[in-house]
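# starting from these lines, generate the structure:
(chains A and B)
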Amino acid sequence: AQKITQTQPGMFVQEKEAVTLDCTYDTSDPSYGLFWYKQPSSGEMIFLIYQGSYDQQNATEGRYSLNFQKARKSANLVISASQLGDSAMYFCAMRPPSGYSTLTFGKGTMLLVSP
Amino acid sequence: NAGVTQTPKFQVLKTGQSMTLQCAQDMNHNSMYWYRQDPGMGLRLIYYSASEGTTDKGEVPNGYNVSRLNKREFSLRLESAAPSQTSVYFCASTGTANSPLHFGNGTRLTVT
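Prediction:
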């Protein structure tokens, strides 16, 4: 079974600084996918970034990048130049190799960005 | 472009009452999912439907039933609501395994 661990219940960062949100995972499958979602206080789930286990390069999407260290089974989200609107709950999730996206989610990290 | 639409947005039930949460997507996705979100627990999969005509249990299926009515619609039914089912429920869909899940805006359910 897959397991996702987010060890930081809460993180604080000042506006314009970079922040790293940790995510480690546990799987014995060689093929899997890793996702990050953002959930603002309004409640919707917003997809941010995806990394496949066989991807050679770390994924990037605008100010979001994924620090993927396969041997350490970690997939940390890096947000550069934080903005006030980045304040939200962030979830790391993993897809097994079954062919269906039955994502397993971590418990989340609450990020607060201060002016 | 509506995406994934869930109804209702809020619902209060008494213990033992039944209700159906509705979900529809207009993205022609094959797979649909129901998750529940509880404080400090992340999102947990209740049921999913990999394609029209199939449904499978997820991590926490007890107390729920689902129906994949057609390719667009996937409903979640609580036959006899319990306080432990107080939660926020999310429906999601996706077209392929490597694609992200697209989520509805959630249904906040309270069972008293």
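# what residues does the most centrally placed residue in chain B make contact with?
Nearest to the geometric centre of chain B sits B:Trp34, at 3.0 Å (CA atoms, centre = their mean). Residues near B:Trp34 by CB atoms under 8 Å, 6 or more residues apart in numbering or on different chains: B:21, B:23, B:45-48, B:58, B:64, B:66, B:74, B:76, B:89-92. Yep, even glycine has a C-beta here, placed from its N, CA and C like the rest.
# now with 6 Å, please.
B:Ile46, B:Tyr47, B:Leu76, B:Cys91 (CB atoms under 6 Å, 6 or more residues apart in numbering or on different chains).
# which residues sit against stretch A:50-61?
Residues outside stretch A:50-61 that contact it (CB under 6 Å, 6+ apart): A:Ser31, A:Tyr32, A:Gly33, A:Leu34, A:Phe35, A:Ile49, A:Leu66, A:Phe68, A:Ala75.
# and the end-to-end length of that stretch?
9 Å (CA to CA, to the nearest Å).
# try stretch A:47-58
This stretch, stretch A:47-58, spans 17 Å end to end (CA to CA).
# mind listing what's buried in it?
Within stretch A:47-58, the residues that qualify as buried are A:Phe47, A:Leu48, A:Ile49, A:Tyr50, A:Gln51, A:Ser53, counting by 16 or more other CB atoms under 10 Å in any protein chain shown.
# distance of A:Gly52 from A:Phe12?
The gap separating A:Gly52 from A:Phe12 is 31 Å, by CB to CB, to the nearest Å.
# next one: B:Ser51
Relative to A:Phe12, B:Ser51 is positioned 44 Å away (CB to CB).
# give the phi and psi angles for A:Thr5, as a check.
Note on A:Thr5: its backbone torsions stand at phi -120, psi 120 [degrees, to the nearest 10].
# model confidence for the closest residue to it other than its chain neighbours, exactly?
Nearest non-adjacent residue to A:Thr5, counting by CB to CB, 6 or more residues apart in numbering or on different chains: A:Thr24, 4.8 Å away. Looking at A:Thr24, its pLDDT is 97.
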